[in-house]
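# Have a look; sequence and predicted model below, questions after that.
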Amino acid sequence: MIKIGDTLVSFDVVEKFFCCDLNACKGACCVEGDAGAPLTDEEDRALQALLPEILPLLTPAEVRAIGEGGPSYKDPEGDTVTQLVEGGCCAYTCFEKDGLCLCALEKARRAGNPRMFKPISCSLYPIRVKDYGGFKAVNYDRWKICRPAEALGRKKGLRVYEFLREPLVSRFGEEWYAELEEAAREWLRQKDEKAPQH
């Protein structure tokens, strides 16, 4: 693990290659899984406040799920997460004609509503941040649906932390990211030196 301030960053974050390939996965991370997307307390409050603006963007099934279970719920680990539709896709998704799944909140923001937001946990995916009180663990959540992203990242030479530079800066700040970048370069250099020479 790489220690930066009160965070512990998994070596997978700096070693593994990754670049989202939406054409291949169609946004499956918004559809599959056993819980909604983690929300910060601030995001949860914002969802509650924005509901009148959000509901018109959603399908009848999504509106019904939110009406019955609320905009968010507590998952088995006690984390606040986005509501799901019948245990399946996130209640804040929308589907394009080609089957591509997008975040309705992000789509609304891009269309000109500055109050809308995509949860930071979604922007950071496949990185998951877990707060343990004294420190935060920053881990790479490896999932079979992201294999095309791993292949594309390898092809482009992009590591997980490089692909997610913008959301990592948004979450932890420029100074934190600069420290991660420097530590990553040094770690990869040392690893390369130790690799068997052919």
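Alright, I've got the coordinates. Note that this is a predicted model, so its numbers are computed, not measured.
# quick one, helices of this protein?
11-15, 22-25, 41-54, 60-69, 104-110, 120-124, 147-156, 160-163, 165-172, 174-194 (DSSP state H).
# Redo those helices as CSV? Include mean neighbour count, mean pLDDT and distance to Ile4.
The C-beta positions use only the backbone N, C-alpha and C, and glycine is treated the same way. As requested, the helices of the chain are exported to CSV (neighbours: other CB atoms under 10 Å; pLDDT from 0 to 100; distance: least, CB to CB, whole Å):
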stretch, mean neighbour count, mean pLDDT, distance to Ile4
helix 11-15, 18, 94, 11
helix 22-25, 14, 84, 30
helix 41-54, 15, 91, 23
helix 60-69, 15, 94, 37
helix 104-110, 19, 87, 28
helix 120-124, 20, 92, 15
helix 147-156, 16, 93, 22
helix 160-163, 22, 96, 11
helix 165-172, 17, 94, 8
helix 174-194, 13, 88, 5
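# how about the nearest residue to Glu101, chain neighbours excluded?
Quick fix: residue 101 is Cys, not Glu. In space, and not counting its chain neighbours, Cys101 is closest to Gly27: 3.4 Å by CB to CB, 6 or more residues apart in numbering.
# List the contacts of Glu150.
16-18 (CB atoms under 8 Å, 6 or more residues apart in numbering).
# Same question for Gln48.
Contact analysis of Gln48 by CB under 8 Å, 6+ apart lists Pro71.
# mind giving me a markdown table with the helices of the chain and columns for distance to Ile2?
Converted to a markdown table, the helices of the chain look like this (distance: least, CB to CB, whole Å):
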| stretch | distance to Ile2 |
| --- | --- |
| helix 11-15 | 7 |
| helix 22-25 | 28 |
| helix 41-54 | 27 |
| helix 60-69 | 38 |
| helix 104-110 | 29 |
| helix 120-124 | 16 |
| helix 147-156 | 19 |
| helix 160-163 | 10 |
| helix 165-172 | 13 |
| helix 174-194 | 5 |
